[in-house]
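Engineer: no sequence for this one, just the structure:
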């Protein structure tokens, strides 16, 4: 399960970078945000939910990350922030919205990478073992 969690988490980082580049390119070209991009926002949200679900399953199995409370706070952030920005922008699809999604996507990538560097996402172990 550790490996599955790590693979999904790394995919989230890479997907965040890709979304950041994509939305930055749309902003530079003054293009409206496309339906494909909205689908990608939904996909990254589902991916964050899947990572969180794997983390919950591992917790139920008795495994714990080094900083469990911090892990769940960060994962809650990653789960709600992209749909939250969509809601705050009220579905706008202009250049400014593309800039906001680009900044947020890069911020999520940096935050997730920081979680890896500070051992928040693993290794998951049985306490006292």
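Structural biologist: Alright, I've got the coordinates. None of the values given here were measured: they were computed from a predicted structure. Residues are numbered from 1 along each chain as shown.

Engineer: How about the contacts made by the residue nearest to the spatial centre of the chain?
Structural biologist: The centroid of the chain falls nearest to residue 78 when counting by Cα atoms, centre = their mean (4.3 Å). Going by Cβ atoms under 8 Å, 6 or more residues apart in numbering, residue 78 touches 12, 48, 51, 52, 108, 111, 112. Every residue, glycine included, has its C-beta placed from N, CA and C.

Engineer: The last one and residue 37, how far apart?
Structural biologist: Using Cβ to Cβ, to the nearest Å, one obtains 20 Å as the distance from residue 112 to residue 37.

Engineer: Who has more neighbours out of the two?
Structural biologist: residue 112 (26 against 19; other Cβ atoms under 10 Å).

Engineer: host element of the more buried one?
Structural biologist: helix 95-117 (DSSP states H and E).

Engineer: Contacts for that helix, please.
Structural biologist: With contact meaning Cβ under 8 Å, 6+ apart, helix 95-117 is reached by 9, 12-13, 16-17, 19-21, 23-24, 26-27, 30-31, 33, 37, 41, 71, 74, 77-78, 81-82, 85, 89, 121.

Engineer: So what's the gap between that helix and the chain middle?
Structural biologist: Helix 95-117 has its C-alpha centroid displaced from the chain centroid by 9 Å (Cα atoms, centre = their mean, to the nearest Å).
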